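1. Have a look at this prediction, sequence included:
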Amino acid sequence: MFCAALGAHCGATHPSPSRAGAAVSGAATGSGADVHVSSNILRADYAGSESCARCHAEIHAAWRGSPMHLMTRVPGGADVHVRAPFDGGTFRFKDDTARLVERDGARHIDITSAQFGDHRYRVTRVIGGRYREDFAGVEVGGRDARELLLPVSYVFETKSFRLKGYSVLVGERPGLRAGGVWSETCVFCHNTVPYFDALWGELAGPGAPTYQGTVVDRLLPRERRWRYDVDGDAALIDAVAAEVAAVGGTPRAGDDRRAALGHGIRELRTHFGAGNFVEVGIGCEACHGGSREHVADPRLHPDFAPRSPFLRARAEAGGDITRAEQVNRVCARCHQVLFSRYPYTWEGEKRRGGSPGGSSITSGEARDFLLGGCARQMSCATCHDPHAEDRRADLDRLATTAGNAVCVRCHPQLAPAPALAAHAHHDPAGAGGSCIACHMPKKNMGLGYALTRYHRIGRPNEPARVEGDRPLECALCHVDKSVGELVGKMEAWWGRKYDRARLADLYGTLDARPLPATLMRGKAHEQAVAVAVLGEARRTEALPAVARQLANPFPLVRHYARRAVDALAPRPCPVDLDRATPEIIAAVRACVPEAFPDLMPAEMPARTRTRHGDDSDED
């Protein structure tokens, strides 16, 4: 089975014969003939995933073992598989250590830190499972009984440990200590909760208290946003009060909608815990919405759009909402994140602002997809099986000309080879003939140490990308070409003109090759792309510039540089990235002297400030 890919829909008009596509198509299609549940966001609307098994046995069985469902696990569960070794091994970070060990049938992480003291934590939650595992735990013998995020991640690709904070673009951190409170940070996206709870900030409007319930619309341009219309404040206020009481908080009396929502957010932040989940991990209703009415009467269809007797979603700019948009909005409930406080995004934009650009790291894919050109007619489930783990071979095939079958369902004029050749200006049977090679380039930082695809489907010749981002996307394949050569070819092919002054400002000169120039002048996320591509291309002449990135102010970029150095260096380069920056530089100079010919450790730029221990907006 080719994932959901070649068989899945392109909008609601292409039903899929595949397991994944059929399951998505079997839900609400948005046609007038369907009768939907009347409410799918309130706690009382949820029936639990086990109620789905009797009618959807095959899908339910695949879902039970999927990484999505196992996004949060209790380590003592009978079916829980933990990949990180708790065998007494030690992770050393600077002068601190974390020892992972089993005692009396429980997993523990023992932290020894000169700065933050010695602490022993019993692991209570295992988080993630597709690329890495994170952990939450309670301190043994401590006065604080809250479950805290522990500072160790286990990365599957390298079978090694990493500081948890270094999963995203944060600056250097001084040592090991537990971070935020688990129930206040991770749980809304890594478990199934009433979706109503996540809407409160949006319904309260600007200035609402912050918490983990976030709706993607504030990160979209107006023409892509939804609005949530409330029919009568009294019913909304009553529903907020009922949910506050359900989590053990104190409801607020009164008839002021904004005040009720603000109070409710603060109560959720204080009282919401594991006992308030609909279920641990991602359940069926995390995506399909509360389905108690559907379980009682299968003639009532679930609905991907949130609804209740007092709330409806609509497009802010007017017009209809397609079924594909509904599905994509479900994915964007969690895959919308602009990680950490790193300020930069793609298209030369910034994280803060009215219309930030695309995310540069994994888990912003659904929001990026909503920003692109296909989001009304194609859903995330076209390429990704939401009920099981994507097969690597299937995803790899999508990156070949075989994957073009997905695109030509909506663009049939490009199916003939001559038409594709004229459109792509590349051999339609070669690597340049793959649609996603140009329209979904590999330029995002994955949760491992490899680049993943940018999901904002667009064109590599868009002025915002050409004049706002480094490197030029064409340089991801054409590493030998200069900026001027690539831009000149793009102008000739597509009849566009680009601002040469802006390009010279980005790269220093039009004669520069984009990737090396990006290493010298780029932002951290751009530098990560450059080192990864140069490493894969085995550009050995770039070794000194790549090795210099082993001391990048953002430690995540150092891991990408390490992988590239391993590919480029003639002999192993023993650099411990878990040491302090001056020590890393000294090790690099011993291995690749040209990387730092004149720069001593004390002259390195000051590290980026971050609030150590605050992982609340990581993942």
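-> That came through fine.

2. Just give me the residue right at the centre of this structure.
-> Nearest to the geometric centre of the chain sits residue 363, at 0.5 Å (Cα atoms, centre = their mean).

3. isn't that residue right up against residue 335?
-> Yes - counting by Cβ atoms under 8 Å, residue 363 does reach residue 335; the two are 5.5 Å apart. Quick note: C-beta positions are derived from backbone N, CA and C, even for glycine.

4. Quick check: neighbours shared by these two?
-> Shared contacts of residue 363 and residue 335 (Cβ atoms under 8 Å, 6 or more residues apart in numbering): none.

5. Please report how far residue 342 lies from residue 69.
-> Residue 342 is 30 Å from residue 69, where distance means Cβ to Cβ, to the nearest Å.

6. same question, residue 239
-> Residue 239 sits 28 Å away from residue 69, going by Cβ to Cβ.

7. Also residue 336?
-> Taken as Cβ to Cβ, the span from residue 336 to residue 69 is 20 Å.

8. what's the answer for residue 568, then?
-> To residue 69, residue 568 is 40 Å away according to Cβ to Cβ.

9. three-state assignment of residue 110?
-> Under DSSP: H, G, I helix; E, B strand; the rest coil, residue 110 falls in the strand class.

10. Ok, residue 138 next?
-> With three-state DSSP as the criterion, residue 138 reads strand.

11. neighbours around it, how many?
-> Applying other Cβ atoms under 10 Å, we find 18 residues neighbouring residue 138.

12. and if you look at residue 144?
-> Residue 144, neighbours per other Cβ under 10 Å, totals 10.

13. Contact partners for the closest residue to it other than its chain neighbours?
-> With sequence-adjacent residues excluded and distances taken as Cβ to Cβ, 6 or more residues apart in numbering, residue 144 is closest to residue 138, at 7.9 Å. Listed by Cβ under 8 Å, 6+ apart, the contact set of residue 138 reads 121-122, 124, 144-148.

14. can you tell me which of the residues you listed lies nearest to residue 318?
-> Distance ranking of the contacts of residue 138 against residue 318, using Cβ to Cβ, places residue 147 first at 44.8 Å.

15. Okay, that closest one and residue 319: tell me how far apart.
-> Residue 147 is 44 Å from residue 319, by Cβ to Cβ.

16. More neighbours: which of the two?
-> Between residue 147 and residue 319, residue 147 has the larger neighbour count (other Cβ under 10 Å), namely 25 against 10.

17. Pop out the phi and psi values for that one.
-> With angles defined as degrees, to the nearest 10, residue 147 sits at phi -80, psi 120.

18. Ok, residue 118 next?
-> According to degrees, to the nearest 10, residue 118 has phi -100, psi 130.

19. Residue 478 now?
-> According to degrees, to the nearest 10, residue 478 has phi -100, psi 70.

20. Spit out the contact partners of it.
-> Taking Cβ under 8 Å, 6+ apart as the criterion, residue 478 is in contact with residue 486.

21. thinking residue 449 is in contact with residue 158, fair?
-> Yes - counting by Cβ under 8 Å, residue 449 does reach residue 158; the two are 6.8 Å apart.

22. the more surrounded of those two?
-> Per other Cβ under 10 Å, whichever of residue 449 and residue 158 has more neighbours is residue 449, with 20 against 14.

23. Can I take it that that one is in a strand?
-> No - the assignment for residue 449, made by three-state DSSP, is coil rather than a strand.

24. Identify all contacting residues around the helix or strand in which residue 487 is found.
-> Using DSSP states H and E, residue 487 falls within helix 483-494. With contact meaning Cβ under 8 Å, 6+ apart, helix 483-494 is reached by 425, 460-461, 466, 472, 474-475, 478, 496-498, 500, 503, 507, 509-514, 517.

25. Then stretch 262-281?
-> So stretch 262-281 is contacted by 43, 46, 48-49, 68-74, 183-184, 187, 190-194, 197, 200-201, 204, 208-209, 211, 213, 240-241, 243-244, 246-250, 252, 285-286 (Cβ under 8 Å, 6+ apart).

26. Narrow those to those in helices?
-> When DSSP state H is applied, the contacts of stretch 262-281 are split such that 187, 190, 197, 200-201, 204, 240-241, 243-244, 246, 285-286 fall in helices.

27. Can you tell me which of these are classed as buried?
-> With neighbours counted by 16 or more other Cβ atoms under 10 Å, the ones in helices among the contacts of stretch 262-281 contain buried members at 187, 190, 197, 200-201, 204, 240-241, 243-244, 246, 285-286.

28. Need the max-distance pair from those residues.
-> Pairwise distances among these were taken by Cβ to Cβ; the largest, 26.7 Å, belongs to 190 and 241.

29. Among the contacts of residue 138, the buried ones, what's the PyMOL command?
-> The PyMOL command for the buried members of these (criterion: 16+ other Cβ under 10 Å) is given here:
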select buried, resi 121+122+124+147+148
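
30. Let's have the contacts of residue 138 in CSV, adding pLDDT.
-> Output for those, formatted as CSV (pLDDT from 0 to 100):
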residue, pLDDT
121, 97
122, 97
124, 96
144, 86
145, 89
146, 93
147, 96
148, 96
